[in-house]
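Enquirer: Kindly generate the corresponding structure for this input.
(chains A and B, ligands or ions: 2)
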2 protein chains.
Amino acid sequence: MSSLVQTRATLVLLWVWPLLHTSSSPGYSCALQYIMLHLLGYKLTMDDLKAFRQVDSRTPGHPEYHHTDGIEVTTGPLGQGFANAVGLAIAQTHMAAVYNKEDISPISNHTYVFLGDGCLMEGVASEAASLAGHLQLGSLIAIYDDNHISIDGDTACAFTENVEQRFLSYGWHVLHVDHGDTDLEAIHNAIEEGQKEKNKPTIIRLRTIIGYGSKQQGTHGVHGSPLKADDIEQLKTRFGFDPKQKYVVPDEVRNAYAAVAQRGAALEQEWEQLLGKYCQKYPNEHAELSRRIKGDLPEGWESKLPVYKPTDAAVASRKLSETVLTALTPVLPDLMGGSADLTGSNLTKVPKSVDFQPESTGLGSYKGIYIRYGVREHGMGAIMNGLAAYGGIIPFGGTFLNFVSYAAGAVRLSALSGHQVIWVATHDSIGLGEDGPTHQPVETAAHFRATPNLHFWRPADGNETSAAYLVALKARTTPSIIALSRQNLPQLENSTIEHAAKGGYVVHEVEGEHLTIVSTGSEVGIAVEAAGILEKEGCKVRVVSLPCWRVFDAQPEEYKLSVLRSGAPILSVEAYATYGWERYSHEQFGLSAWGASGPYQKVYEKFGLTGKNIAVVGKKVVDFYKKKGGEIVSPLIKAL
Amino acid sequence: MSSLVQTRATLVLLWVWPLLHTSSSPGYSCALQYIMLHLLGYKLTMDDLKAFRQVDSRTPGHPEYHHTDGIEVTTGPLGQGFANAVGLAIAQTHMAAVYNKEDISPISNHTYVFLGDGCLMEGVASEAASLAGHLQLGSLIAIYDDNHISIDGDTACAFTENVEQRFLSYGWHVLHVDHGDTDLEAIHNAIEEGQKEKNKPTIIRLRTIIGYGSKQQGTHGVHGSPLKADDIEQLKTRFGFDPKQKYVVPDEVRNAYAAVAQRGAALEQEWEQLLGKYCQKYPNEHAELSRRIKGDLPEGWESKLPVYKPTDAAVASRKLSETVLTALTPVLPDLMGGSADLTGSNLTKVPKSVDFQPESTGLGSYKGIYIRYGVREHGMGAIMNGLAAYGGIIPFGGTFLNFVSYAAGAVRLSALSGHQVIWVATHDSIGLGEDGPTHQPVETAAHFRATPNLHFWRPADGNETSAAYLVALKARTTPSIIALSRQNLPQLENSTIEHAAKGGYVVHEVEGEHLTIVSTGSEVGIAVEAAGILEKEGCKVRVVSLPCWRVFDAQPEEYKLSVLRSGAPILSVEAYATYGWERYSHEQFGLSAWGASGPYQKVYEKFGLTGKNIAVVGKKVVDFYKKKGGEIVSPLIKAL
Ligand SMILES: [Ca+2]
Ligand SMILES: [Ca+2]
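Expert: Numbering: from 1, shown residues only, chains lettered A, B, ... in the order given. Ligands and ions are numbered 1, 2, ... in the order given. All right, here's what the predicted structure looks like:
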């Protein structure tokens, strides 16, 4: 079932939600979420519910996208779900603007999100909320469970801001319900009012009592730990259930939910019919929309990727990235870009592309494919997860590589949830020069290379940049970070899209080598220079480029061993902490600490990252292993 | 000069700042900051100014603490400086509450911070602002340069919230000046008004024009790039300078600033006299305050560290951490703790300690040493940097290890700036069990181990936990992250504070070993178990604990080679991505992807992290190297 349809199902679910919703903060409310999904006929059995928080169950401690039927985004880490919802609402608004017609509007869902005090305290939610207000996302309805309790106890201890006033300041439509545990009519009316407001996102503050009905209601005692047996008994009795029975759904309840599920099914059928009409009248749009929802890429798009010859001019890889995006945008309407206020530096905006903006701003339209995220990296990351989860959109977002770390919480969830999100991470090293160590990543590559299901790319030239996009766009359930240089990089000898798409390959081959240098990005050219110097001294040097470790790791053993072969020492060279390079090399050269502020060539010189110095280092390595004697085995040959 | 005095000097600086301040966003305004410091007699010469953004100059592209005289915190990464200021103001408020007397108040500075649109968009600033309002920090004055421009152009494209209303919602005192470029009187009055408000932080919105006086004023053209030559000429002419002269300070200006510096010096002298009186009347308080400002620790504090015997009970290391904090708090008034809304889980609050809260809340007092940060990890990290920068305070803050990543931007600046900040990072692995993969760190250790000047500790038992605190508290210019278990851990055979304080040591020694297992934290006990199983099978196994790589790396070569010695294969075992372990081992065992939700023993079993399975893996390694033949050399023996 596509996410487009799923969000519609959520709407249906929402109509009955208030009947059961007592209280609980998001993430922790997942037991309730699982129960609702079970009652509404999703693929969750009573046995699944009994296996709650057990190994390999369908009901883990926090709900995971792609793992449990009906779960639309992975939440738990606070603030993420709210920002995901802003992304879902942007996606809906954009897809509606592009595909809805005056007579047929197949895309008309609202996005609903439940949030608690913890979510509101997180900066990522503030960032997303401010942007949602600016973007006037009328289809977004947030329901704030205002129970005055977080894990540390009464919110009076740390969270006393005026939430309603804060959301008014962001330009939201703000409502509240005083008795959120019992006043179902008021909740119903507030949701309806939210649905009517078309030009602002709505937040409904529900004043609730945590653990409503329990003996401990209104205290943080009911937040993380289960209720005591006698409390559960009195609670069941109070709400008319048999206190002795467990895991039982009375027929009355099951029937009521079955009716809701039926209503949902009917709505889904109605929607399918609408889509059928749309298909007849607008076959081209329908075909494209269907392809996008299905997650297929259009045929032949790869042929648009720019290709370079070694004789082509040296170009900064951020500029090469812009050339890729410019070439692909006309054939890939799925691409929705943006930047965290660094558009001119990240080069993420394709010439003549339109901003995604409310018409009223005069700055663009909802049909636009370029999002001005503002200086909100974490918000951008979590919003991109929402865009990807909606379906039909491949989001990319720009910032300096160093500031992708601000979004670490969202990047992790992209990888865990399998959201295809692409980070255009420019200014990827000390090569950014003057901005200095506060902006020069050193540890960042280690962080992202160690993250499962995340492709960290650091292309060395034009073909490698095209390869990074090729693999990133084909990897429909894997996010990618493409680290790009500010400075110009030469086009390499043996670099092709096909080679680089393997994650690693030989850039400069010789037989009977004394040394192999393995490198990435801007340092590959320096390694080639060092190889040239050493060759003049009679020292034969191979050079390997390893733009994406994780993609290289997935190649056949034989290929990997042909690239990083036994017989001579392998030296890694990269303008980062050397951490992790021991996996692919015998010796490592990199930065021992922070970078420095200055013109980039001077900074490279300061740290010995020049062809001349790498030649000296390489010689030292060759001499050491000659003296040491014994067989030199590829670091890839291992017992485990 | 201590930070306490420096902040006082900043106050003096502030009195003249508006005379020169035209516009510019923080970080990027550092040229102006350097010029001001030069004019006011700090250690910055005209030659230093000329070397702006050059390698090894005192004037890097963004100002760095500990690098340039007069720079109080490293800024540039947006939002950090603002949150640092909240930390500085908390520090001042706390130190004043503790040390000021009715008749003598040596601690009375205000904290001033300049911020721009970019800072306000960042979530970290939202988090800090909300907390500052809650804490009623009357000594904090923020001046917001509202120039309607960020790097992407007019703020209309992404930042249209009502900032004044937002800060009112946080409980701030909100003022504005309409003509921030010219109306010096209004600026002066607003600052005075801010100083008078004692129960709320103040924000003054200065409506300014970016690049005021330039031909391009009011456009983002003046944001990142220098003015053209003819524009500089007309600008100099317009403000009465000789357009042909460069790097010249007219005598009139130099004298005016000299007078300001003199006034500052006089104020400093006055303060020294005040301190002298304080010393006479309150010698004990003065001695303690002086020690704290100087950055010394009280004598004999180390003797309070808890010590354990192998026969002591198994205890969770988060609990061991609580025991350390409980033992040290009475002798180390410098400790100021807190948690991001996980107090009961992080065990960061020492019994009977008082909350740092405004008296009016009835929840504590400004003398209190425990900060309720709320669910604001990034804000907490940046605030702790401010607390450390103020002097006299060693901040520690708790959250789950996985969510330290939310604060990556601040953690990086702790390390770069040399702020002694301690993260109490509990729930450090799949050992947290039921909360599942959204909460189980996998890549986090790699990230922080790769960060320069950051100690990532993962203690295995009681003595190792004490050692982690010992080293962390002695490392006055290095931040530490102490990763702590939720589950109980046995006390190890050969573990002592002295051993563990070396970052790595032999937990279980045998001669003529077939295998060494190196591990950290909760897996060391599992490694010892595996060693026991293998020994019964005639396979001799040493076990090494490596709680802090960076501290181990700093030991003498000879010691390191005695711990990770040649002669037998070394196998690493850790419940994380194996990334990076190749530096210390020949073979690696860990998690290949994400964790899982379930009772922790079941999760450990699922991933083969049991004594029994590690014994099987160890046997495989031994057999592989036996078959392979040849010398087995320690991975520490290298050319580079
Ligand atoms: Ca709550
Ligand atoms: Ca601005």
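Enquirer: Pretty sure residue A:398 sits against residue A:342.
Expert: Yes - counting by CB atoms under 8 Å, residue A:398 does reach residue A:342; the two are 5.9 Å apart. No exception for glycine: its C-beta is placed from N, CA and C like everyone else's.
Enquirer: Now stretch A:177-184: buried residues?
Expert: By 16 or more other CB atoms under 10 Å in any protein chain shown, the buried positions in stretch A:177-184 come out as A:177, A:180, A:181, A:183.
Enquirer: what number of residues lie near residue A:498?
Expert: As a burial measure, residue A:498 scores 11 neighbours (other CB atoms under 10 Å in any protein chain shown).
Enquirer: Same question for residue A:533.
Expert: For residue A:533, using other CB under 10 Å, the count is 18.
Enquirer: Report the contact partners of it.
Expert: By CB atoms under 8 Å, 6 or more residues apart in numbering or on different chains, residue A:533 lies in contact with A:611, A:612, A:615.
Enquirer: Let me know the helix or strand that it is in.
Expert: helix A:522-536 (DSSP states H and E).
Enquirer: Going along the chain, name the helices of the stretch 101-250 of chain A.
Expert: Secondary structure of the stretch 101-250 of chain A (DSSP state H, counting those that start in this stretch): helices at A:117-121, A:123-134, A:163-169, A:184-196, A:229-238.
Enquirer: Please convert the buried residues of stretch A:177-184 to JSON lines, extending it with pLDDT.
Expert: Below are the buried residues of stretch A:177-184 laid out as JSON lines (pLDDT from 0 to 100):
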{"residue": "A:177", "pLDDT": "96"}
{"residue": "A:180", "pLDDT": "92"}
{"residue": "A:181", "pLDDT": "90"}
{"residue": "A:183", "pLDDT": "91"}
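Enquirer: Could you work out the most separated pair of those residues?
Expert: Pairwise distances across those (CB to CB) peak at 9.7 Å, for the pair A:177 and A:181.
Enquirer: quick one on the thing from earlier: closest to chain B among the buried residues of stretch A:177-184?
Expert: residue A:177 (19.7 Å; CB to the nearest CB).
Enquirer: give me the residue from the stretch 151-300 of chain A nearest ligand 2.
Expert: Going by CB to the ion, ligand 2 is nearest to residue A:169 of the stretch 151-300 of chain A, at 18.0 Å.
Enquirer: ok, that residue - contacts?
Expert: Residue A:169 is in contact with B:161, B:162, B:163, B:164, B:165, B:166, B:168, B:169, counting by CB under 8 Å, 6+ apart.
Enquirer: Which of those are buried? Put it as a ChimeraX command.
Expert: Selecting the buried subset of the contacts of residue A:169 in ChimeraX, with 16+ other CB under 10 Å as the burial test, is done by:
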select /B:161,163,164,166,168,169
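Enquirer: Skip the chain neighbours and tell me the closest residue to the most centrally placed residue in chain A.
Expert: Centroid-nearest residue in chain A: residue A:414, 3.3 Å away (criterion: CA atoms, centre = their mean). What sits nearest to residue A:414 in space, not counting adjacent residues and going by CB to CB, 6 or more residues apart in numbering or on different chains, is residue A:479, at 3.8 Å.
Enquirer: number of nearby residues for that neighbour?
Expert: Residue A:479: 31 neighbours (other CB under 10 Å).
Enquirer: thinking it is in contact with residue A:417, fair?
Expert: No - here residue A:479 does not reach residue A:417: they are 9.0 Å apart, not a contact under CB under 8 Å.
Enquirer: For ligand 2, what's its nearest residue on the stretch 501-640 of chain A.
Expert: Of all residues in the stretch 501-640 of chain A, residue A:597 sits closest to ligand 2, at 22.2 Å by CB to the ion.
Enquirer: what's around that residue, how many residues?
Expert: Neighbour count for residue A:597, taken as other CB under 10 Å: 28.
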